[in-house]
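Peer 1: What shape does this take:
(chains A and B)
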Amino acid sequence: MNEDTLILYYYNDGLSKRERQQVEEAIHSDATVAATYEELCQQLNGMSGPDSPAVPSHTVERWHDAIDRAARQEHARTQSPARSFNPWSFAWGAAIAAALALGVGLNMTSVDPEIVTPATVPGAFTRGVQVHFRDTFQELSSLPADSAADRSMLALQIIEQNRLYERAAEQNDSQSLARVLRAFEPVLLQLAAEDLSPEDAAALQAQLIFELNVMLTKLSRDVSNETDTSQPGIQT
Amino acid sequence: MVANLQTPGLPTQADFHAAISDRSDRWFAACLKITRNRDLAEDAVQDALLNAWNKRHQFDNTARLDTWIHRIAINAALQLLRKNRPAAFEPLETDVEDDADTPETVQAEHELGKRLSAAMTHLSEFERVCFVLKHLEQWRLKEIAEEVGSDVGAVKQAVFRAVRKLRVRMGSLKGEKT
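Peer 2: Next up, the predicted model:
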């Protein structure tokens, strides 16, 4: 009876019923086997797990916070189902983009270009893009980490919406905004890949959120400057 | 106080908090035994908690929440170990010891501070993982093989080698002590 068989017998794993019976018989009939097994049991029983090391309180706090954060994110998702990348959200975005493009077109044709303040139309458009970026930011922030299908669907919807806004930006002669909207597309296409690892998806998501945040800050500043300079008395 | 472990329906945020307060030291200890690295063990517990929270609808509420999270934490630790040190999951034909002690692992062993931990430094990573899962976590050989992407035969051999080495090492440590 070799020691490896006795180890498997000790763990009650990896031996067939017949093999277990053979070991039992050997332990009962052979004093050497019995002594070997007893010694093995003593040694293995002595290999108990070490005491639990102390976990720093700040680490435990971090774990508590992680649960609270996850619960908050989940709550936010369930509280705003309209934001959860459904077709209505897409249709709404498309409608805003189309309305902006149309509005810009009407303004361009019906109003004398001489009396349209250059800042007026871009300001309205910029605010529309701001809303789009803010919605995208929220949708990306509340995207469930574990659903590749949802992630892919959301990324594709954002691409579609971005393209609409991009066209509207071009019609509005906002080439720089059109470029920004185009620049998101390669990253969004990567995010749409269903075979993306969760780590890579999280990294791309974080990158997009960061860039959207930067854009939102910049657009807010631009709109604010435009508002200031377009107020009566300020404009020269 | 033990967490509310028999909650009908989904485990609540409070259940998770109670489980963290009661059992997170055990989850951490189990993860530390596998990773031998404090940071990885901490990350494993956090990953496990978030994973458990997001998948709590899969929790069988006849089971214990802390045991369920414990199991997820072990899986997370194995995943992190595989990602950080892929060689840990290569079964070795020969008894090569893992002597690549980093300051983190030395620190971890210092914290574990028991003869078993000291003896376990002489196991290869694969042997250590198989031994921890078999002996300390009481996993079935088949489960271990599936988790580490190996076969039952290789896992058995790793456990045999680990037990042999530990018996020798712990015997000599005992001798040194007396």
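Peer 1: Any figure for the gap between B:Ser124 and chain A?
Peer 2: Going from B:Ser124 to chain A by C-beta to the nearest C-beta, to the nearest Å gives 17 Å. Any C-beta I mention is one placed from the backbone N, CA and C, and that applies to glycine too.
Peer 1: cool, and B:Gly153?
Peer 2: 10 Å.
Peer 1: what's near enough to touch that residue?
Peer 2: Contact partners of B:Gly153, counting by C-beta atoms under 8 Å, 6 or more residues apart in numbering or on different chains, are absent.
Peer 1: ok, then the element right after the one helix or strand A:Ala178 maps to?
Peer 2: Taking DSSP states H and E as the criterion, A:Ala178 maps to helix A:175-192. Going down the chain from helix A:175-192, the next helix or strand is helix A:198-230, by DSSP H and E.
Peer 1: near chain B, which residues of chain A?
Peer 2: Selection of chain A residues close to chain B by C-beta under 8 Å from any C-beta of the partner chain yields A:3-4, A:7-8, A:11, A:13-14, A:43-44, A:46-55, A:59-60, A:62-64, A:66-68, A:70-71, A:144-146.
Peer 1: Other residues contacting the helix holding A:Ala178?
Peer 2: Here helix A:175-192 makes contact (C-beta under 8 Å, 6+ apart) with A:125-126, A:129, A:151-152, A:155-156, A:158-159, A:162-163, A:165-166, A:169-170, A:196, A:200-201, A:204-205, A:207-208, A:211, A:215.
Peer 1: Can you name the next helix or strand after the least confident helix or strand in chain A by mean pLDDT?
Peer 2: Lowest mean confidence among the helices and strands of chain A (mean pLDDT, DSSP states H and E): helix A:87-110, at a mean of 50. Sequence-wise, the next helix or strand downstream of helix A:87-110 (DSSP H and E) is helix A:120-141.
Peer 1: following that next one, which helix or strand comes up?
Peer 2: Counting by DSSP H and E, what follows helix A:120-141 is helix A:148-171.
Peer 1: For that next one, buried residues please.
Peer 2: By neighbour count on 16 or more other C-beta atoms under 10 Å in any protein chain shown, the buried set for helix A:148-171 is A:148, A:151-159, A:161-162, A:164-166, A:168-171.
Peer 1: can I get the CA coordinates of that helix in CSV?
Peer 2: Output of helix A:148-171 as CSV, limited to C-alpha atoms (Å, rounded to 0.1, in the frame of the first residue of the first chain):
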residue,chain,number,x,y,z
ALA,A,148,-20.8,42.1,-23.2
ALA,A,149,-24.1,42.2,-25.2
ASP,A,150,-25.4,45.3,-23.5
ARG,A,151,-22.0,47.0,-23.8
SER,A,152,-21.8,46.2,-27.5
MET,A,153,-25.4,47.5,-28.1
LEU,A,154,-24.8,50.7,-26.2
ALA,A,155,-21.5,51.4,-28.1
LEU,A,156,-23.2,50.8,-31.4
GLN,A,157,-26.1,53.1,-30.5
ILE,A,158,-23.7,55.9,-29.4
ILE,A,159,-21.8,55.5,-32.7
GLU,A,160,-25.1,55.9,-34.7
GLN,A,161,-26.0,59.0,-32.6
ASN,A,162,-22.5,60.5,-32.9
ARG,A,163,-22.7,60.2,-36.7
LEU,A,164,-26.0,62.1,-36.7
TYR,A,165,-24.5,64.8,-34.6
GLU,A,166,-21.4,64.8,-36.7
ARG,A,167,-23.5,65.4,-39.9
ALA,A,168,-25.4,68.2,-38.0
ALA,A,169,-22.1,69.7,-36.9
GLU,A,170,-20.8,69.7,-40.5
GLN,A,171,-24.0,71.4,-41.7
